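**Student:** okay, sequence plus prediction incoming.
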Amino acid sequence: MAMLTWLTLSLAADTVVRVPSVPPADADLSRALGHRLRELREAAGHSQEKVAQAAGISRNHVRLI
């Protein structure tokens, strides 16, 4: 299984986190979920920023979903 390397912001400088890549079937499911969440967010008239604040996460995290 391929591995991806992400640099994260944390109290420890330049923490490296290795995560497995997503299998194609899971990637399709993730993409479909992301599209559905976007449809629901837009139908409710919410911005990514508003959803992020309500969820206690950054707008960038919402964007990555």
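**Tutor:** Done, it's in.
**Student:** now do the helix or strand hosting residue 34, average pLDDT.
**Tutor:** Assigned by DSSP states H and E, residue 34 falls within helix 24-43. For helix 24-43, the mean per-residue pLDDT is 87.
**Student:** buried set for that helix?
**Tutor:** residue 41 (16 or more other C-beta atoms under 10 Å). Just so you know, the C-beta spots here come from the backbone N, C-alpha and C atoms, and that holds for glycine as well.
**Student:** helix or strand right after it?
**Tutor:** That would be, after helix 24-43 and using DSSP H and E, helix 48-55.
**Student:** once you drop chain neighbours, what's closest to residue 33?
**Tutor:** Leaving out its chain neighbours, the residue that sits closest to residue 33 by C-beta to C-beta, 6 or more residues apart in numbering is residue 65, at 7.7 Å.
**Student:** next one: the one you found relative to residue 40, how far apart?
**Tutor:** Going from residue 65 to residue 40 by C-beta to C-beta, to the nearest Å gives 12 Å.
**Student:** repeat that for residue 58.
**Tutor:** Distance from residue 58 to residue 40, by C-beta to C-beta: 20 Å.
**Student:** next one: residue 28
**Tutor:** 19 Å.
**Student:** burial count for residue 51?
**Tutor:** 19 (other C-beta atoms under 10 Å).
**Student:** distance of the nearest residue to it once chain neighbours are set aside from residue 49?
**Tutor:** Once flanking residues are discounted, residue 51 sits nearest to residue 62: 5.3 Å by C-beta to C-beta, 6+ apart. The gap separating residue 62 from residue 49 is 8 Å, by C-beta to C-beta.
**Student:** of these two, who's got more company?
**Tutor:** When residue 62 and residue 49 are compared for neighbours, residue 62 comes out ahead with 21 against 11, by other C-beta under 10 Å.
**Student:** surely that one meets residue 52?
**Tutor:** Yes: taking contacts as C-beta atoms under 8 Å, residue 62 lies within contact range of residue 52: 4.6 Å.
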